[in-house]
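Participant: Quick one, structure for this:
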Amino acid sequence: MKEIIFTLIWYSGIPFLFRLFRQKNQVTIILFHDMQPKNAEKMLGYLKEKYSIIGLDDLLENYHAGTWNFPKNPLVISFDDGVESNYALLPVFNKLDIPVTIFLCAGIVNTKRHYWFPPYHPKHPKHTFDELKRMSNQ
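Facilitator: Now for the predicted structure:
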């Protein structure tokens, strides 16, 4: 149900109108966690049509320099946690020629540790979020 409501709101154009009037002369940063490749091209293609996608490094350079050298409707796309399925999106990023930033959970790279939240924790798929938060790394 949540996905249907989100889709209806998104395709209604309300977010774009909000961006056009409320966020004029601001950079929008959108954060994804885990996106399926079959949905990625459609969603990211839509964003590319409506926004000027810039890299996070461009935003930071301008911020630190105190300048505003952005195209109209700038948007930064980022992915949180660096899940393995993000790699499957690389052909989409290349096809659409868009920069993205992927934030990795550096503490678990090259270890046997797992994300604590479902569905990424293989040994405890039935635990609640609160239980998983209190669980030790071991």
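Participant: helix or strand for the nearest residue to residue 89 once chain neighbours are set aside, which one?
Facilitator: Among residues not flanking residue 89 along the chain, residue 40 sits closest, at 5.1 Å (Cβ to Cβ, 6 or more residues apart in numbering). For every residue, glycine as well, the C-beta is placed using N, CA and C. Here residue 40, judged by DSSP states H and E, is contained in helix 37-50.
Participant: Which other helices and strands does that helix contact?
Facilitator: Using 3 or more Cβ pairs under 8 Å, 6 or more residues apart in numbering; DSSP states H and E as the contact test, the elements touching helix 37-50 are strand 74-81, helix 90-96.
Participant: among those, which is the most enclosed?
Facilitator: Among the helices and strands packed on helix 37-50, the stretch with the highest mean neighbour count (mean count of other Cβ atoms under 10 Å) is strand 74-81, at a mean of 18.
Participant: Tell me which strands it pairs with, and in which orientation.
Facilitator: For strand 74-81, the paired strands and their directions (DSSP bridges) are strand 28-32 (parallel), strand 52-54 (parallel), strand 101-104 (parallel).
Participant: Now do residue 45 against residue 25, distance only.
Facilitator: 25 Å (Cβ to Cβ, to the nearest Å).
Participant: can you dump the C-alpha coordinates of the helix or strand that contains residue 6 into PDB?
Facilitator: Under the criterion of DSSP H and E, residue 6 resides in helix 2-12. The C-alpha coordinates for helix 2-12 follow below in PDB (Å, rounded to 0.1, in the frame of the first residue of the first chain):
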ATOM      1  CA  LYS A   2       2.900   2.400   0.900                       C
ATOM      2  CA  GLU A   3       4.500   1.800  -2.500                       C
ATOM      3  CA  ILE A   4       1.200   2.500  -4.300                       C
ATOM      4  CA  ILE A   5       0.700   5.800  -2.400                       C
ATOM      5  CA  PHE A   6       4.300   6.800  -3.100                       C
ATOM      6  CA  THR A   7       3.900   6.100  -6.800                       C
ATOM      7  CA  LEU A   8       0.700   8.100  -7.000                       C
ATOM      8  CA  ILE A   9       2.300  11.100  -5.200                       C
ATOM      9  CA  TRP A  10       5.400  10.900  -7.300                       C
ATOM     10  CA  TYR A  11       3.700  10.700 -10.700                       C
ATOM     11  CA  SER A  12       1.200  13.300  -9.700                       C
END
